[in-house]
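here's my sequence, what's the structure:
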Amino acid sequence: AFGDITLSLPSTEFVSYTKRVFGLKADAKYKNLRLMAIGSQTKGFSEVKRFKGNTSFIKRDIYDTNYIRRRYYQIHFSSAHLPLTSLSEEIWLDDRVATNNTANTVQDMTVYLYNSTTTYTGDFDLLNRGEDYTIDYNEGIITFRRSVNSNYVIAVRYKDKDGTPIEKPDGSKYIIKAENEDDYNKELKNYYYMGNTRIMPDPLGKGFMVKVLDTNRKEQSLPGFEVDYDAGILVFTSTAPFASSPFNAPDIYRNTSPEHHYLIYVEYRYQISTYILRFNIVEDSERVFVDGKRMKRDIDYILDYDSGFLTFIKEGLIGPDTEIEITYEYYPFIGQTQETLLGARGEWQATRNFFWGSTVLYRFTGGRAQSVPDIRSTPTSLMVMDTDFRWEGSPKRFFPFRTRLSGEYAKSIDCLLYTSPSPRDL
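Model (predicted):
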C-alpha cells in the first residue's frame, strides 16, 4: 500500500509502532514465513488536532474607556433635520499636513461652528462616499473607513428631510470635529468592539450576556443597548453612556488621560471558520477530514503554512456538531527537519507449537543542508532491535498441563550524529 495509510507493526512486549502518515507498507507471506516492512519520510514532526463544530464561547471584560475612537460621528445638528436627504452630504477633512495637498485640495477654506461665530481656516479635501466613509441618513451618523487623527478638522454640509441646505448663507460648512477635540467634537462614544465578529444571536439569553460591573466586579444598572452581531459591536443608546446618572463618570471620555471606572462584561458564542493549528507547518503535509471525509485544499479550505491558520471556505460545510480532524507536520521552532522511518518484522511459525519473530526499527532525523550548523536541526538517529519467541506444550498423559514458554530481548541505540563540515562547506 502507498499513500495515506496507517503504518504499524505487530506489537510485542517491548516494541510496537502505529502512526498515520504518507508512506509505504508491504506485507508478504510464504508458507510459514511472514515478512512485513514499512517506510516513510517526513519533513517535520507529526501532530493531530481535532475540533467539533463551528462556534466558540467567549467571556470577556471590556474597559469603559475602550470605546471605538474617532470612527463614529453625528453629522446632524438637530434631530429635526432627520432623516437627512440621501446623497446630499459633503464631508470635508483637513489633515493638517500641507505637503500632501493635491490639485483638488481647497486651500484657505473657512468653516464655522454651528450657531457660532468661531471659525477655522485650513486646507480641506472632499471625502468620497463609500470609499472614505458610510452614512446612515435615518440616524444622521457617519462611519469613517479611514483613520482619523486627534488633530484633524472635519466639516460638513447636507440637506435636511425637507431638502433645506444646512450650511452658512455663503455656502460655508459646519464643523463636527475641531482641531482641539475638547473644544468641539460630535464624536459618538458608545460603540464597543466585543472582540469577535459573527456573534450568534440568542433570544433566550442563555448564550449571550452583557453586564456593567464596577472595579470590584459589583454589578451595576445596565444602560439600553443594541448589538450588531455580524460586526461584533455593542452600541449603547446613549451617546456617552457613563457620563450621566447613575454612573456620573465623564472623565471616562477625556481625550487625554481618561479615567477607568467600569467594566463591560460580555458572554457570547460566535461562529468560526478559521482554526488555529501551529506555526511553521510543512507545506502539503496536511490531511483534513470533516466527518471522516477527506477535504481538498483551495476548494474546501485554505491553509497559511506560516501562521497555521486553516479556514474553511465552502459555505455550509461546518455545522455545530461537525467533527474535524487535521493531521499535519510542522518544523520545530524555526528549524527544519526531515524524518526517515524504516521498519521490518519477520515471523516464522516453525511448528504448531513454536513461533519466532524479530523486529528492526530505524528512525533518522536530520536537518536540511545549510552552510552554518544549527542546533535546532542537529541530526539524530534511533535504532530498535527486538527478537521474541514463544513455545507451547500440549497436555500429555504423564503431564496433564498446558505449558507456555516465551521470551523477548530488545535493544535500542540512540545517538547524536555530527559531522564536522569541511572548510568549503562554511
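
which ones are touching the nearest residue to residue 71 once chain neighbours are set aside?
The spatial neighbour of residue 71 that comes closest, neighbours along the chain excluded (CB to CB, 6 or more residues apart in numbering), is residue 144 at 5.3 Å. Glycine gets a C-beta too; all of them are placed from N, C-alpha and C. By CB atoms under 8 Å, 6 or more residues apart in numbering, the residues touching residue 144 are 70, 71, 72, 73, 132, 133.

out of those residues, which comes closest to residue 38?
Of all the contacts of residue 144, residue 38 sits closest to residue 71, with 58.9 Å by CB to CB.

residues contacting the closest one?
Residue 71 touches 143, 144, 148, 191, counting by CB under 8 Å, 6+ apart.

got a quick ChimeraX command for the buried subset of those residues?
Restricted to buried positions by 16 or more other CB atoms under 10 Å, the ChimeraX selection for these reads:
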select :144,148,191
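
TSV for the contacts of residue 71, including secondary structure and pLDDT?
Formatted as TSV, the contacts of residue 71 follow (DSSP: H, G, I helix; E, B strand; the rest coil; pLDDT from 0 to 100):
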residue	secondary structure	pLDDT
143	strand	97
144	strand	97
148	coil	94
191	strand	98
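
which two from the contacts of residue 71 end up farthest apart in space?
Pairwise over the contacts of residue 71, using CB to CB, the maximum falls at 148 and 191, 13.7 Å.

in the stretch 101-250 of the chain, which spans are strands?
106-112, 119-126, 133-136, 141-144, 153-159, 165-166, 174-177, 191-193, 209-214, 219-220, 225-228, 233-236 (DSSP state E, counting those that start in this stretch).

may I see the buried residues of the fifth one?
Going back to what we said before, that points to strand 153-159. 153, 154, 155, 156, 157, 158, 159.

nearest to residue 169, of these?
Closest approach between the buried residues of strand 153-159 and residue 169, by CB to CB: residue 157, at 11.9 Å.

skipping its backbone neighbours, what lies nearest the closest one in space?
That would be residue 167: by CB to CB, 6+ apart, it lies 4.1 Å from residue 157.

ok, now residue 324?
Per CB to CB, 6+ apart, closest to residue 324 is residue 51, 4.3 Å.

pretty sure the one you found contacts residue 312?
No - with contact defined as CB atoms under 8 Å, residue 51 does not reach residue 312; the gap is 10.5 Å.

more crowded one of the two?
residue 312 (21 against 17; other CB atoms under 10 Å).

for the stretch 251-400 of the chain, which spans come out with low pLDDT?
Applying pLDDT under 70 to the stretch 251-400 of the chain flags residues 332-338, 366-380.

tell me how far residue 29 lies from residue 347.
9 Å (CB to CB, to the nearest Å).
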